[in-house]
Structure formats: structure tokens, C-alpha cells
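Visitor: Quick one, what's the 3D model for this:
(one chain, ligands or ions: 3)
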Amino acid sequence: MTATASPPAPSALFTDLYQLTMMQGYFAYGLHREEAVFDLYFRRPPFHGGFAVWAGLEPALDLLERLRFTGGDLAYLESLGLFRPDFLTALRGWKFTGRVTAFREGSVVFAHEPLLTVTAPLWEAQLVETALLNTLNFQTLVATKAARCVLAAEASPHGGQIVEFGARRAQGPNGAVSAARAAFVGGAVGTSNVEAGREFGLPLTGTHAHAWVESFPDELAAFRAYAALYPDSTTLLLDTVDTLRSGLPNALTVARELRAAGHELRGVRLDSGDLAYLSRRIRAALDTAGFPEVKIVASNDLSESVIASVIAEGGRVDVYGVGTQLATAGGEGGGALGGVFKLAQLGGVPKMKLTGDPAKSSLPGVKQVWRAVGEDGEYALDVLTLGGAPREGERVSDPTNPLRFSRLPGGLTWQNAREVVLEGGRRTGTPETLQQAQARARADLARLPEGTRRALNPHIYRVGLGDDVAGLRDRVAEALRAHTGA
Ligand SMILES: Nc1ncnc2c1ncn2[C@@H]1O[C@H](COP(=O)(O)OP(=O)(O)OP(=O)(O)O)[C@@H](O)[C@H]1O
Ligand SMILES: O=P(O)(O)OC[C@H]1O[C@H](OP(=O)(O)OP(=O)(O)O)[C@H](O)[C@@H]1O
Ligand SMILES: O=C(O)c1cccnc1
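Guide: Ligands and ions are numbered 1, 2, ... in the order given. Coordinates of the predicted model:
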């Protein structure tokens, strides 16, 4: 089945109260139709990693296309006693009419580059900040975690796949469904979450639990009963009694019985103990018994580092079922992605937030993101400009430290990294499928310098400011300081 890309649109009230109070203010002071440009970006990749996998774009576009205030929404806002009748009346026909320029879903992206730019009347852009950040921060975070697990699994000489098992531990039902979607973008091949399967056409996958074994007189009876129901898709959980002494011999018995009846056991699952040691022992036993095609699935608090450790010890796991750590994007540097949405221009005038911390100041102006491809086809660096592609010899500076700069070498091909994906409030093309997004993530990850993909202390991929962006930032900052005397 082709995976579809979007869930049902959330309500226009899925926003922070201050967006609505500001909207009313823009309306009252006649600013609401001023053309605003907002950039969405993050300042640090998650998990102390070197990259992020951009996910959630199609649901975000869906939201922008479909967002309306219903009669019920307006009645609730009226009941708050904060909003004037003329403003509420104006919201009646409100819709998003702007433009969105963004990386395509699944792209590998980096800190400080605008991932998505909204150009729209000020009150429209302001309202959608919360929902856009919610959707894109979370899905990008989980897609990145999935990609880290996939990279770890694929480091095995025998290969390895990731499936998502996290619904029981995710942050609420919506979190679980979005996480399953994002995990697929990041490279997971399936999910156990049936609702996500229905909503997005994701491939469903699953084994059975310990309760199944405990519900029969003995383990062999339980294995036989499951295999009789699902003769072509049975994966048996081996550790309810004892993985090597009971689960393995019983699974071999059932594998032989299935084969005699014209079927094949699909797999076995390990859910405790040393997964490297057990998977090696079980692989050897299955191979010796004539079942080299039976897959070994492993689960139990897996993460990219556990997967790497299992592989480093010669483990023979074919499929890793990753639950809690994937759906909650856990681990060091995980938990949340700190993407922000900052005003870059209003009514044609560049805007910026200065603040005391240079790493937190925003970049004014309407920027383009250019990605350099080296002669070997690898991505080399990304550069922000106010227009065309960067030039050989041009000075590019570190976005957080103007004292760090370099000159662009030759031999690079420049790609405009983003596209206009929404114009006049409507998508510019048909929504992409999740398979397209997943394929893009895979292809992009393959083009990253190897050190940037590393899970631990990665090489930092360079994002630089072209001379024009740095110059504009310095001029706007200077004007702000002069104005305030700071
Ligand atoms: N070879 C390995 N290298 C690194 N970590 C591993 C390895 N094998 C298993 N682990 C991880 O070690 C952790 C604890 O495993 P342990 O064997 O103690 O679990 P357990 O005894 O089965 O616990 P429980 O049954 O409560 O889940 C799990 O997170 C598991 O994924
Ligand atoms: O990555 P995880 O979060 O471990 O997700 C998957 C786990 O979920 C199930 O067990 P569950 O955790 O419900 O019970 P268990 O700890 O007794 O195995 C399953 O057997 C896995 O161990
Ligand atoms: O199908 C499974 O094996 C499964 C599903 C969810 C959580 N743990 C395991």
C-alpha cells in the first residue's frame, strides 16, 4: 500500500493564547495585512548529533491549507471575554493565504538554516507558529532518532532493519501516531501501531507477547497454536520460560512442523538477556537446523547505542523493535527539538531579535539556502544568501561567531535546497508519499560526510552566512543598538 502523508487537520485553536491576543492587536492597529516573513529553524541538532532528518512537512502543509475557525471555535473565543466582536467577525472567513518555502520532507538538515519560511499577512503567520513548531519539531526529532537507529543497524555486515514498537510509551495517543509516521520517514520499515497504519498506510508488523505463551498449558502448545493461525507470518517470542533451553527448541519444533505443512516460520524474537550472545547462538542453531531464512527480531529497551553494541559484539539480529527510545525520542540531547519561528522581515523591512546571547539572535532578511555538492557527490556545506548561489572565493561566516569565517573553495556545485511548496494558501503540487520522504532521507544520509553521520561526537557540518546575509545582520543590529542606545 502507498503510504499517505497527512493526518486530519487540527483545530485553529491549537495555538498559544498569545498568538490570538497578538492577532487581535495587529488587527486593531491595522498591521494584520502587512507582509511578514518568518523563518523556522533549530539552533542545535538533537541527540548531540551532526544532523537532523526533516519530517512533518506534509501534515504542516495540510494544516495550513485546511485551517479555519468554526462556529464552535468562535463561540469559545467569545466566551473568554478577551476578544472584540469585530475581530471575531473577521476570523469567521479567516484562512491562510500565504506562501511556504521549505526543504522537502526527509531532507537532512542542520542548525541555523531556515528549514521553512512563511511569507504571509502578519496575523496569518503569527497564528500558525504554535502548530507548525509542534508538528515539525516533534516529527523531525523522532525521524532523526529513527535515522540514528537505522544507521547503527545498517553498520552490521549482515544488515539490519528498524521497526517502531513505541505506542505504549509515547507521549499520548497523538504522540504515538505522529511518532510512527516520523519513524517511517527516518527509515523504520514498519510499526506495530494499527491506528498509524490506517491513517498513513504504514506497513504494520508484530509478533506476540509473553501473555500468549502464559495463556496455554505450555510454551510448545502456545507456539503451535499461533503458527496454526498465522502459518506464513509467525514470529515466536522465545524468552517466556528460558530462551535457549525452552524457547529455541520449541521454535525449532514448530519450524519443522510448519515446513512439513508447506509453510515457513518467519522469525523468532528475543526480549531479554544479552542480545549479542543470544542472537549469535540462535543464528547458529537455526542455520544448522536448516532455517537460515528465519529472522531474528530483538526488543527490550533498545536505542542506537545498544544496537551498536550488539553489532560490535558480533550479534546476528535482523530486525530491531525499538519502542520507548524511538517514540519518545529519548536519550541524551533528546526529548524535544528546540526549533523556533522568528520574524525576518515585515512590510519589506528586515527584522531581527538581537538579545544578549549571539547564538540566540535571529537572522534578518529573506534568505535562500544553498547546498554545496563536492566533486565526489558528497554534501560539503550549506550557505545562506539573500539571493543567488554563493561565489567561489566568497567569505562565509559562522552564524554564531562572526570572527570565524572562511573563503569558499571552487569545484562545488550549488543546489537551491528548498522549494516553494505552498502558494496562495494552496500546495503547489500533489502531496508527497511517505515512501518518497523515506527515500529522500536515505539518499541524503548517504551523501553526508561520514563523520557527520557518526552518533558520538560527530563532525559538525558547516552552515555559513554569505557576505550579504552577514552584512545585513550587522547593519540591522547596528541600527537596533543605535535606536535603543544599547
Ligand atoms: N549485547 C548488548 N550490549 C549492550 N546492551 C545490551 C546487550 N544486550 C542487551 N542489552 C541491553 O541491556 C539492557 C538490560 O538487559 P537485561 O538483560 O538486564 O534485561 P532484562 O534482564 O531482560 O530486563 P527486563 O526483562 O526487565 O527487560 C537492555 O536495555 C538491553 O537492550
Ligand atoms: O523499546 P521498548 O520500550 O522496550 O519497547 C518494546 C517492548 O515492549 C514490550 O514489552 P514491555 O516493555 O511492555 O514489557 P517488558 O518490559 O516486560 O518486556 C516488548 O516486549 C518490548 O520489550
Ligand atoms: O509485536 C511486538 O512484538 C511488539 C509490539 C509492541 C511492543 N512490543 C512488541
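Visitor: which residues of this structure score low on pLDDT?
Guide: Scanning the chain for pLDDT under 70 picks out 1-10, 485-486.
Visitor: near ligand 2, which residues of the stretch 151-300 of the chain?
Guide: The interface of the stretch 151-300 of the chain toward ligand 2, taken as Cβ under 6 Å from any ligand atom, is made up of 165, 168-169, 271, 299-300. For glycine as for every other residue, the C-beta is placed from the backbone atoms N, C-alpha and C.
Visitor: and the two most separated of the residues you listed?
Guide: Using Cβ to Cβ, the two most remote members of those are Arg169 and Asp271, lying 14.9 Å apart.
Visitor: Looking at those two, which one has more neighbours?
Guide: Using other Cβ atoms under 10 Å as the criterion, Arg169 and Asp271 rank with Asp271 on top: 21 against 16.
Visitor: Look up phi and psi at the more buried one.
Guide: phi -130, psi 10 (degrees, to the nearest 10).
Visitor: Filter the residues of the stretch 151-300 of the chain next to ligand 2 down to just the ones in helices.
Guide: Per DSSP state H, helices hold no members of these.
Visitor: from the middle of its chain, how far away would the helix or strand harbouring Gln345 be?
Guide: Assessed by DSSP states H and E, Gln345 sits inside strand 340-346. Centroid displacement of strand 340-346 relative to its chain, using Cα atoms, centre = their mean, to the nearest Å, is 22 Å.
Visitor: Could you show which parts of the stretch 201-350 of the chain are in contact with ligand 3?
Guide: Proximity of the stretch 201-350 of the chain to ligand 3, by Cβ under 6 Å from any ligand atom, involves residues 206-207, 269, 299, 321, 323.
Visitor: Name the SS class of Thr253, please.
Guide: In the three-state summary, Thr253 is assigned as helix, counting by DSSP: H, G, I helix; E, B strand; the rest coil.
Visitor: Tally up the residues packed near it, please.
Guide: Residues lying near Thr253 (other Cβ under 10 Å) number 13.
Visitor: now the nearest residue to it once chain neighbours are set aside: how far from Gly190?
Guide: Computed as Cβ to Cβ, 6 or more residues apart in numbering, the closest residue to Thr253 that is not its neighbour in sequence is Leu220, at 6.4 Å. To Gly190, Leu220 is 28 Å away according to Cβ to Cβ, to the nearest Å.
Visitor: Who has more neighbours out of these two?
Guide: Neighbour count, other Cβ under 10 Å: between Leu220 and Gly190, Gly190 has more, with 21 against 16.
Visitor: how far does stretch 82-97 stretch from start to finish?
Guide: One end of stretch 82-97 sits 25 Å from the other (Cα to Cα, to the nearest Å).
Visitor: Regarding Ala455, which helix or strand does it belong to?
Guide: Per DSSP H and E, there is no helix or strand for Ala455.
Visitor: Which stretches in the stretch 1-150 of the chain count as strands?
Guide: Per DSSP state E, counting those that start in this stretch, the stretch 1-150 of the chain carries strands over the ranges 35-41, 52-53, 99-102, 108-109, 116-121.
Visitor: Distance to Ala183 and mean neighbour count added to these, as a markdown table?
Guide: Putting the strands of the stretch 1-150 of the chain into a markdown table (distance: least, Cβ to Cβ, whole Å; neighbours: other Cβ atoms under 10 Å) gives the following:
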| stretch | distance to Ala183 | mean neighbour count |
| --- | --- | --- |
| strand 35-41 | 21 | 23 |
| strand 52-53 | 10 | 29 |
| strand 99-102 | 21 | 22 |
| strand 108-109 | 16 | 26 |
| strand 116-121 | 21 | 23 |
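Visitor: Can you say which of these is nearest to ligand 1?
Guide: The closest of the strands of the stretch 1-150 of the chain to ligand 1 is strand 52-53. By Cβ to the nearest ligand atom, the value is 23.4 Å.
Visitor: Name the strands paired with that closest one and say parallel or antiparallel.
Guide: Applying DSSP bridges, strand 52-53 is found paired with strand 108-109 (antiparallel).
Visitor: Show me what counts as buried in the helix or strand hosting Ala372.
Guide: Using DSSP H and E, Ala372 sits in strand 368-373. Going by neighbour count (16 or more other Cβ atoms under 10 Å), the buried part of strand 368-373 is 368-372.
Visitor: which is the next helix or strand following it?
Guide: For strand 368-373, the following helix or strand on the C-terminal side (DSSP H and E) is strand 379-385.
Visitor: Could you pull out the buried residues of the helix or strand just after that following strand?
Guide: Downstream of strand 379-385, the next assigned helix or strand under DSSP H and E is strand 395-398. Buried positions in strand 395-398, judged by neighbour count with 16+ other Cβ under 10 Å: 396-398.
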